[in-house]
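J.: Predicted model, plus sequence, below.
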Amino acid sequence: MTAFKSGDPTTLNRLYGRSSGHKLRQGQQELIDRLLPEISVPAEGEISAQTLFGDDRPMHFEIGFGSGEHLAYRADLLPDHGFVGCEPFLNGVATALGHVRDGPLRNVRLHMNDALEVLRRVPDESLLMLYLLHPDPWPKARHAKRRMVNDGPVDLFAAKLKPGGELRIATDHPVYLEWTLMIMQRHIEQFEWLAETPSDFLDPPSGWIETRYGAKSRREGRRPYYLRYRRR
């Protein structure tokens, strides 16, 4: 995953992290060349269910979808909902395109770049769900302003979610967990933490498929934590 940075943590606008890894296979390159342009988020203008899908269906937004397992699972589970996924990593986008093709998933739109730029173009109070799964923790204190969970982005999340909409965050990093709880506590007037018992954040809720990264963290002895917040 990647994160975004500016000198002011309330406004993140610079992309950090890799944009590509190993060379794409021929089939993956064909997906990038042919399928991605067909389902890409428009470069300009409002990003709404009406502009993307031609109706007023419920909308979901995933920041940093990795290889797209979660995005594809949710889109297949809820075919009458619309899904927007943003991921700057080329190889992850190529893998996600394979899920879209194999579905076939007609309710998915992708953006291979800055998620916050797209999110700013979403009408206020229009998202049902917003997902941030295993973002880069940037564990060093001097890099804290690069973390996606910061006051500015959280304010943006609150603005775009419907009242009663849900923000879901997953992390396997203790520093990021503590940081997230601290930041979200500062936004208690906007978000209600949906946790009453430890199982509410130690076990994934229904409809939350484990990602490739989540499975890797378990194999390596790290516990993922699952945080759910409702927009007040």
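T.: The structure has been received and is ready for your questions.

J.: Need phi/psi at the residue most central in space within the chain.
T.: By Cα atoms, centre = their mean, the chain has its centre lying nearest to residue 63, at 2.2 Å. Note on residue 63: backbone dihedrals following degrees, to the nearest 10 are phi -100, psi 120.

J.: Nearest residue to it in space, please, no chain neighbours.
T.: Of all residues not flanking residue 63 in the chain, residue 115 sits nearest, at 4.3 Å (Cβ to Cβ, 6 or more residues apart in numbering). Quick note: C-beta positions are derived from backbone N, CA and C, even for glycine.

J.: Might you report the residue contacts of that neighbour?
T.: Residues near residue 115 by Cβ atoms under 8 Å, 6 or more residues apart in numbering: 4, 63-64, 86-87.

J.: same question, residue 28
T.: Applying Cβ under 8 Å, 6+ apart to residue 28 gives the contacts 91, 94-95, 97-98.

J.: can you pull the alpha-carbon coordinates of the longest strand anywhere in the chain into PDB?
T.: Secondary structure of the chain read by DSSP state E shows that its longest strand is strand 161-171. Extracted in PDB, the C-alpha atoms of strand 161-171 (Å, rounded to 0.1, in the frame of the first residue of the first chain):
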ATOM      1  CA  LEU A 161     -20.200   9.200   3.900                       C
ATOM      2  CA  LYS A 162     -23.900   9.300   4.400                       C
ATOM      3  CA  PRO A 163     -25.200   9.600   7.900                       C
ATOM      4  CA  GLY A 164     -25.200   6.000   9.100                       C
ATOM      5  CA  GLY A 165     -22.600   5.100   6.500                       C
ATOM      6  CA  GLU A 166     -19.600   3.000   7.600                       C
ATOM      7  CA  LEU A 167     -15.800   3.400   7.500                       C
ATOM      8  CA  ARG A 168     -13.900   0.100   7.800                       C
ATOM      9  CA  ILE A 169     -10.200   0.100   8.600                       C
ATOM     10  CA  ALA A 170      -7.900  -3.000   8.900                       C
ATOM     11  CA  THR A 171      -4.300  -3.000  10.100                       C
END
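
J.: Please shift the residue numbers so they start at 419 in all later answers.
T.: All set: I'll call the first residue 419, so the last point we hit is now strand 579-589.

J.: Going by neighbour count, which residues in it are buried?
T.: 579, 583-589 (16 or more other Cβ atoms under 10 Å).

J.: Between which two of the residues you listed is the distance greatest?
T.: Spatial extent of the buried residues of strand 579-589 (Cβ to Cβ) is set by the pair 583 and 589 at 20.4 Å.

J.: Is it correct that residue 502 falls within a helix?
T.: No - under DSSP: H, G, I helix; E, B strand; the rest coil, residue 502 sits outside any helix and is assigned strand.

J.: how about the contacts of residue 533 in CSV, adding pLDDT and distance to residue 469?
T.: As requested, the contacts of residue 533 are exported to CSV (pLDDT from 0 to 100; distance: Cβ to Cβ, whole Å):
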residue, pLDDT, distance to residue 469
422, 34, 24
481, 98, 19
482, 96, 23
504, 98, 16
505, 97, 20
